[in-house]
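Undergrad: For reference, the sequence and a predicted model appear below.
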Amino acid sequence: MKSDRKYKGKGKKDTSFGKKKKAYSKPKQTSAKPKANSDGLVRLNKYVANAGVCSRREADNLISLGEIRVNGKVVTELGTKVKLSDRVTYGGKSLNPEQPVYVLLNKPKNFITTTSDPEERKTVMQLVSNACNERIYPIGRLDRNTTGLLLLTNDGELADRLAHPSHNVKKLYQVDIDKPISDEDFFKIQEGVRLEDGLASVDEVGLVNDKRTSLGLQIHIGRNRIVRRIFEHLGYEVVRLDRVMYAGLTKKDLPRGHWRHLSEQEIIKLKHFS
């Protein structure tokens, strides 16, 4: 087997790397968050209805039957009001009174993946500040100098599934290194590199350029800085790391530093995928 094959799937050249992207216009997002009264409270049936469980009338029926809990306690009184910060559950699952939002960001360098930073460094939340009124948060992390796809959402259930290693969510990276990779090291990566915290297995690896300094790496493990650590362990410096695919989502028509909402079809595929 030759080690200088081009990367994409089973040996085909990946022509998506380095293509010039089309200009992208950010869509507007309408919030479905229920408005609280001046006292900061919202009717429980409205809370349940906005969570997508059922209509308000049907929510009243669920409340009467004792199917709804607020902060762990069964509530049966119609007209009950709750805070948006209260934990409301139905069938053992927490309800979210906001419309689920799914935002895909093409992260640039020098932004950290966190919702806030005490050192006042730039965060990805600044890039999506006008994406929606709902409170969204990133799934997983990209380190400060890593660019590429990052998904942000307020759908906690989906976020947990995508982040859990048992679901084997595929991520594709373009890795640029400081010197040509040797055949020996290329095959080591194919077979898996043993690091201090265990074996780092990859799903696919291939060369992107003839200089052997740019590689495509598909991986599903999510350990901290795993891609950089693989190459550093073998004596290479990663000069550029870009995530070009995440859970089937790509950067098509999404320039660096821009975001977009997922389409309904993408959301369905993502939930089915996870």
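TA: Cool, got the structure. Numbers count the residues shown, from 1 in each chain.
Undergrad: Mind listing what's buried along whichever strand in the chain runs longest?
TA: Within the chain, and with DSSP state E defining each element, the longest strand by residue count is strand 238-246. Under the neighbour-count criterion of 16 or more other C-beta atoms under 10 Å, strand 238-246 has 238, 241-246 buried. The C-beta positions use only the backbone N, C-alpha and C, and glycine is treated the same way.
Undergrad: Contacts for stretch 72-90, please.
TA: Applying C-beta atoms under 8 Å, 6 or more residues apart in numbering, the set of residues contacting stretch 72-90 from outside is 33-34, 36-37, 39-45, 47-48, 51, 53, 60, 62-71, 94-95, 97.
Undergrad: Mind listing what's buried along it?
TA: 75, 81-82, 84, 88, 90.
Undergrad: Columns pLDDT, distance to Arg144 and secondary structure on top of those, output as JSON lines?
TA: What follows is those, written out as JSON lines (pLDDT from 0 to 100; distance: C-beta to C-beta, whole Å; DSSP: H, G, I helix; E, B strand; the rest coil):
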{"residue": "Val75", "pLDDT": "93", "distance to Arg144": "45", "secondary structure": "coil"}
{"residue": "Lys81", "pLDDT": "93", "distance to Arg144": "43", "secondary structure": "strand"}
{"residue": "Val82", "pLDDT": "93", "distance to Arg144": "39", "secondary structure": "strand"}
{"residue": "Leu84", "pLDDT": "83", "distance to Arg144": "33", "secondary structure": "coil"}
{"residue": "Val88", "pLDDT": "93", "distance to Arg144": "37", "secondary structure": "strand"}
{"residue": "Tyr90", "pLDDT": "92", "distance to Arg144": "40", "secondary structure": "strand"}
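Undergrad: Read off the pLDDT value for Lys93.
TA: Reported pLDDT at Lys93 in the predicted model: 86.
Undergrad: And for the one 3 residues further on?
TA: Predicted confidence (pLDDT) for Asn96: 78.
Undergrad: now do Leu158
TA: The confidence metric pLDDT takes the value 84 at Leu158.
Undergrad: what do you get for Gly52?
TA: Gly52 carries a pLDDT value of 68.
Undergrad: quick one, helices of the protein?
TA: Listed in chain order, the helices of the chain (DSSP state H) span 44-50, 56-64, 124-127, 156-163, 183-191, 226-233, 264-273.
Undergrad: and the longest one, average pLDDT?
TA: Rounded to a whole number, the mean pLDDT of helix 264-273 is 85.
Undergrad: Same question for the least confident helix or strand in the chain by mean pLDDT: list its buried residues.
TA: Of the helices and strands making up the chain, the lowest-confidence element is helix 156-163, at a mean of 82, by mean pLDDT, DSSP states H and E. Neighbour counts using 16+ other C-beta under 10 Å place 158-159, 161-162 of helix 156-163 among the buried residues.
Undergrad: so where's the stretch 151-274 of the chain shaky on pLDDT?
TA: With pLDDT under 70 as the threshold, the stretch 151-274 of the chain has low-confidence stretches at 273-274.
Undergrad: what's the domain layout of the chain?
TA: Each domain of the chain is listed here as a residue range: 41-94, 102-273, per automatic domain parsing.
Undergrad: How about the residue in the protein that sits furthest from its center?
TA: Most distant from the centre of the chain: Glu77, at 39.0 Å, with distances by C-alpha atoms, centre = their mean.
Undergrad: Next, give me the two most distant ones among the buried residues of stretch 72-90.
TA: Distance extremes for the buried residues of stretch 72-90: the farthest pair is Lys81 and Tyr90 at 17.2 Å, using C-beta to C-beta.
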